[in-house]
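A.B. asks: next comes the sequence, and after it the predicted model I'd like to discuss.
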Amino acid sequence: MKERTKLSDAIKNWEDTEVKSTVERFPERQTNFKTVSGLPVKRLYTPYDVADIDYHQKLGFPGVYPFTRGVQPTGYRGRLWTMRQYSGFATASETNRRFRFLLEQGQTGLSVAFDLPTQIGYDSDHELARGEVGKVGVAIDTLEDMELLFNEIPLDKVSTSMTINAPAAVLLAMYIAVGEKQGVSMEKLRGTIQNDLLKEFAARGTYIFPPAPSMRLITDIFRFCSEKMPLFNTISISGYHIREAGSTAIQEVAFTLANGIAYVTAAIKAGLDVDSFASRLSFFFGATSEFFEEIAKFRAARRLWARIMRERFNAKDDRSCMMRFHTQTAGYTLTAQQPDNNIVRVTLQALQAVLGGTQSLHTNSRDEALSLPTEQSVQIALRTQQIIAHETGVTDTLDPIAGSYFVESLTDEIERKSLEYIEKIDQMGGATVAIENGFIQREIHNSAYDYQTSVDMKSRIVVGMNEFVVDEEQQFAYLRVNPLAEQEQIQRLKEIRSHRKNDVVKRALSALRIAAKSDDNLMPLILDAVRVYATLGEICSVLRDVFGEYKAPDIL
Amino acid sequence: MLVAKPGLDGHDRGAKIVARALRDAGMEVIYTGLRQTPEMVVRAALDEGVHCIGLSILSGAHNALFPRIMELLKAEGADDILVVGGGIIPEDDIPDLKEAGISEIFGPGTTLQEIIEYIRSNVKL
Amino acid sequence: MLSVTELVKGVLSGNRRHLARLISLIENEDSQAQEALVKLYKHTGKAHVIGVTGPPGSGKSSLVTKLTAEFRKRSKTIGVLCVDPSSPFTGGALLGDRIRMQEHSLDDNVYVRSMGTRGHLGGLSRAASDAIRVIDAFGKDIIFVETVGTGQSEVEIIEVAHTVIVTDVPGSGDDIQAIKAGIMEIADIFVVNKSDYPGADKKVTEINTMLDLDPRERVWRPPVLLTNSRTGEGIAELADKLMEHFNYLKESGLLEQKGLQRSREELQSIMKYKLTQELSHKLQGKPEYEKAIRMIAERKKDPYTVAEQLIAEFLLSEIR
């Protein structure tokens, strides 16, 4: 106590003398400093700020509850994070080429981007797919596309993350079927499906079915994988998209964890024991510009989730309390102006993720503000990760920023504020209700609006965009998605439909329809359909019929 | 003013912000929501008697969807409606879009005020 | 530029573009609009106008969407007018009802129009009444009018609607709302939406209790219906009740009575509007007028006498 008093007196003294005289000569750049999420930032952090932190309770050791300092005792000393660049465009063959390029360049895991028709359960020849085929990711209509996608890529040697949500069960089934053809049994398959519908409803917009049947599909997958695919992550509970939609760091943590709570609750309600599936839940966050806040955010999220799993859900297994996450550097911070600046941004953001202990990382390419990355640009993005990994030494010790008065303060603050939101959402009845009544969407929208206003008014500087602007000619060519991809895809689809056994397909789809109306686990039936080359659109069409389609609430 | 999201793109952060800013600037704004086909956009614009349509798209499908919308508007004799766009639209694509009848494309870095002023100066009331 | 004749012809022959155009002209208080309304008036009075009002969040739009679907199944053509509040400061408005009616967006037999209140005190503007008239002339069987549901508009809506639905949601704790003067009088049908929420039955009981306490003798006691505009539960019954009410109005002679009252009120309202406009026009900016106002403020003259003087002068000048 005496020490604290002496210190606080000393701080006050310093402020009243040295600081005061400096400020009188020239004032500080702002009257109040705040992080982009609105947390106040003091001039100086001292032991006084962390005096109440009990090391064992709050920080502890890596690999030990509450995992603030990491989920693995040897961290990057044992194994580096997975370098996993999200990619995909045009047809499966073209994407396969990009996959193999990235693996050759030292990427250590695959991440598949699917086009919008695929994400929304439409075949490439559907009316609504016109103009969209292959544009934001690879077009996958049947198992044949999936086989081409992984051509010469042994599924027992790579882990694959698939950014697929509403039709996740179908793509997972296709992945399993490809493994079968390669002679790899499903219990050996490693990877992740995003499978996070709540954030689709709240922020990303690529949903198909309403919340209840979506939950059913998600829990079917949990159950199937808990029995048959122990190495596969069944969900990537995502905050990245919530952040991209404009939320603050606190909202990113709060809404993501609230969604996580909803999933765990649903799975338990469906009869699963928490420890049977919780260790295979994973998360996905963004790494944006506010350097220390982001590192603190990752640590706060880990601690908060561990607490939730143990205290709220009584998870007995430590592995059920471990938050493993993938990070992507923030897309919305990329500028179209002076694109090379983005390399610098991404470097700093990647560093935050590493210092925050991410398990897996995607770094954006410099040209992604206006298009998908060229080979050259994505190579630089990959090199960014490799330079951090091999040249900086930050990977040689665990949780290096711990103990920073500033970061520990921020970690506590973010945890506290996120918990407030989570409690509020609890009172509403949980994340599903908070999304149905538009609460989460409104909060995100308001933060987004505030951010835009601050950029427009230049109270927030974006270098090259609202300040330090130059007149520039476009420097280099953007990636152009093969304009013939759509036609090629439609043609192949036609051929597959004529060559496959259509009566077998019909039977498989009927069986699926019957099961969808009952309580049966749909995974085995989807697998059956996929193996006989039923298309993604055909399968989703059956499910659309039975489950209906989601209608978003209006929140403006 | 109609603010529309044509195609399957689900990113509505920008569209919602623009809709709100235009409202604050004194305009009457109708936001269509996601997954609008060109036919739906044109139907809404004509039934509501809007003076301006703002199209927001980030999925790269603008080259197919924007001209189709302009085609439908022309067929209805609705050339006097000001049509603007924004989102992820490479500069190279802009000349063709303008030829199809889009008056302006607002790239990343455009301020809300710029959009408001452009519409005010160019709309035919 | 379309001529008034073309516009009128277009509206009467079902030309959607002309309908939309005319409503825009009405909103802008264009003189062409007035002419067109004069020509169209004799073609109005056919549609069943159904007002839908209630607190924000009670699901009015989704209710209207589901009712539209139901009536379409019964081969009726539908018009929908959604009125949303305009900012009294900027004049801007976010007209957010159309977005909830997506499923009808390409049905040629459904016309949806959004409108801001544009500074008109309360919820229902003059332009809205005229727009309803035009949609009526256009030939729609049923016209839904969705209003803001905050006070004044709820009372105004009975001037234009034959049947008024007042919506509410369970657990809204809006006992005050129910007691609020005007609501009990104007509702022909109460709808408790979101019937799957806890407290739905309680809300129905609350409203019925309120109705029991109503001292007035009414032949038509407003039914209190439960609906779920997500699943469609209760919608068919509601549609039936709406038809029932319209038939009741016709058979009891109330329709005719309302029509007379409506015409009376409308005539008075238009006369009042025109007189006020003329008077203001005459007096605006006149130095004697401004002087008189200053003298009133300084207590050298009183407003009652001044008013009588000005009116007398005005009437006299009109006669000459």
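C.D. replies: Ah, there it is.
A.B. asks: OK, contacts around residue A:333?
C.D. replies: Residues near residue A:333 by C-beta atoms under 8 Å, 6 or more residues apart in numbering or on different chains: A:288, A:289, A:345, A:349, A:462. All C-beta atoms are positioned from the backbone trio N, CA, C, and that covers glycine.
A.B. asks: could you measure it against residue A:216, distance?
C.D. replies: 37 Å (C-beta to C-beta, to the nearest Å).
A.B. asks: please apply the same query to residue B:47.
C.D. replies: 38 Å.
A.B. asks: check residue A:9 too.
C.D. replies: 61 Å.
A.B. asks: which phi and psi does residue A:463 have?
C.D. replies: Note on residue A:463: backbone dihedrals following degrees, to the nearest 10 are phi -60, psi 130.
A.B. asks: look at it and report its pLDDT.
C.D. replies: For residue A:463, the model assigns a pLDDT of 96.
A.B. asks: which residues sit in contact with it?
C.D. replies: By C-beta under 8 Å, 6+ apart, the neighbours of residue A:463 are A:335, A:338, A:341.
A.B. asks: tally up the residues packed near the nearest residue to the second one once chain neighbours are set aside, please.
C.D. replies: Spelled out, it's residue A:338. Nearest non-adjacent residue to residue A:338, counting by C-beta to C-beta, 6 or more residues apart in numbering or on different chains: residue A:464, 3.9 Å away. Per other C-beta atoms under 10 Å in any protein chain shown, the neighbour tally for residue A:464 reads 19.
A.B. asks: just checking, residue A:464 touches residue A:337?
C.D. replies: Yes. Between residue A:464 and residue A:337 there is a contact at 4.5 Å, judged by C-beta atoms under 8 Å.
A.B. asks: which neighbours do those two have in common?
C.D. replies: Joint contacts of residue A:464 and residue A:337 (C-beta under 8 Å, 6+ apart) are residue A:470.
A.B. asks: residue 94: what's it in contact with?
C.D. replies: All of this refers to chain A. With C-beta under 8 Å, 6+ apart, residue A:94 has these contacts: A:138, A:482, A:485.
A.B. asks: was after chain C, sorry
C.D. replies: Contacts of residue C:94 by C-beta under 8 Å, 6+ apart are A:556, B:19, B:20, B:23, B:29, B:31, C:84.
A.B. asks: count of residues packed around residue 285?
C.D. replies: Unless you meant another one, I'm taking chain A. Neighbours around residue A:285, by other C-beta under 10 Å: 28.
A.B. asks: nope, chain C please
C.D. replies: 8.
A.B. asks: what secondary structure does it sit in?
C.D. replies: coil (DSSP: H, G, I helix; E, B strand; the rest coil).
A.B. asks: need the contact list for the residue nearest to residue A:28 when sequence neighbours are not counted.
C.D. replies: Distances taken as C-beta to C-beta, 6+ apart place residue A:43 nearest to residue A:28, at 7.9 Å, with adjacent residues excluded. For residue A:43, the contact set (C-beta under 8 Å, 6+ apart) comprises A:15, A:19, A:28, A:33.
A.B. asks: gap between residue A:43 and residue A:14?
C.D. replies: 10 Å.
A.B. asks: can you give me the pLDDT of the residue nearest to residue A:28?
C.D. replies: 96.
A.B. asks: between the contacts of residue A:333, which is closest to chain B?
C.D. replies: residue A:462 (7.9 Å; C-beta to the nearest C-beta).
A.B. asks: the closest one contacts residue A:336, correct?
C.D. replies: No. If you go by C-beta under 8 Å, residue A:462 and residue A:336 don't touch, sitting 11.1 Å apart.
A.B. asks: need the residues touching each of these two.
C.D. replies: Contacts common to residue A:462 and residue A:336, judged by C-beta under 8 Å, 6+ apart, are residue B:109.
A.B. asks: least trustworthy helix or strand in chain A by mean pLDDT?
C.D. replies: helix A:2-14 (a mean of 85; mean pLDDT, DSSP states H and E).
A.B. asks: neighbouring contacts of that one?
C.D. replies: A:44, A:46, A:47, A:48, A:51.
A.B. asks: pull out the buried residues from that helix.
C.D. replies: residue A:11 (16 or more other C-beta atoms under 10 Å in any protein chain shown).
A.B. asks: C-terminal to it, what's the next element?
C.D. replies: helix A:20-25 (DSSP states H and E).
A.B. asks: and that next one, how far from the chain's centre?
C.D. replies: 45 Å (C-alpha atoms, centre = their mean, to the nearest Å).
A.B. asks: quick check: mean pLDDT across that helix?
C.D. replies: 95.
A.B. asks: and the next element down the chain from it?
C.D. replies: Next along from helix A:20-25, by DSSP H and E: helix A:47-50.
A.B. asks: which other helices and strands does that following helix contact?
C.D. replies: Applying 3 or more C-beta pairs under 8 Å, 6 or more residues apart in numbering or on different chains; DSSP states H and E, we find helix A:47-50 packed against helix A:2-14, helix A:405-428.
A.B. asks: helices or strands next to the last one in the packing?
C.D. replies: Think helix A:405-428. helix A:47-50, helix A:249-269, helix A:291-307, helix A:431-436, helix A:439-456.
A.B. asks: now those helices in a markdown table, with mean pLDDT and mean neighbour count?
C.D. replies: Converted to a markdown table, the helices and strands packed on helix A:405-428 look like this (pLDDT from 0 to 100; neighbours: other C-beta atoms under 10 Å in any protein chain shown):
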| stretch | mean pLDDT | mean neighbour count |
| --- | --- | --- |
| helix A:47-50 | 92 | 16 |
| helix A:249-269 | 97 | 25 |
| helix A:291-307 | 98 | 25 |
| helix A:431-436 | 93 | 23 |
| helix A:439-456 | 96 | 20 |
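A.B. asks: can you list those helices in CSV and add distance to residue C:117?
C.D. replies: Supplementary listing: those in CSV, determined by distance: least, C-beta to C-beta, whole Å:
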stretch, distance to residue C:117
helix A:47-50, 52
helix A:249-269, 33
helix A:291-307, 43
helix A:431-436, 28
helix A:439-456, 23
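A.B. asks: got any ranges where chain C has weak pLDDT?
C.D. replies: C:119-125, C:149-155, C:158, C:172-184, C:320 (pLDDT under 70).
A.B. asks: which parts of it sit against chain B?
C.D. replies: C:16-17, C:20-21, C:23-24, C:27, C:86-87, C:90-96, C:98-99, C:102, C:105-106, C:111-114, C:116 (C-beta under 8 Å from any C-beta of the partner chain).
A.B. asks: for whatever residue of chain A ends up closest to chain B, phi and psi?
C.D. replies: Nearest to chain B, among the residues of chain A, is residue A:205, at 2.0 Å (C-beta to the nearest C-beta). As for residue A:205, its main-chain torsions (degrees, to the nearest 10) stand at phi 80, psi 0.
A.B. asks: can you pull the domain assignment for the chain?
C.D. replies: In the absence of a named chain, chain A is used. A:72-456, A:485-547 (automatic domain parsing).
A.B. asks: wrong one, I was asking about chain C
C.D. replies: C:1-43, C:45-252, C:263-319.
A.B. asks: which residues sit against stretch A:409-427?
C.D. replies: By C-beta under 8 Å, 6+ apart, stretch A:409-427 touches A:35, A:39, A:45, A:49-50, A:53, A:58, A:68, A:249-251, A:253-255, A:257-258, A:261, A:292-293, A:296-297, A:299-301, A:303-304, A:431, A:434, A:439-440.
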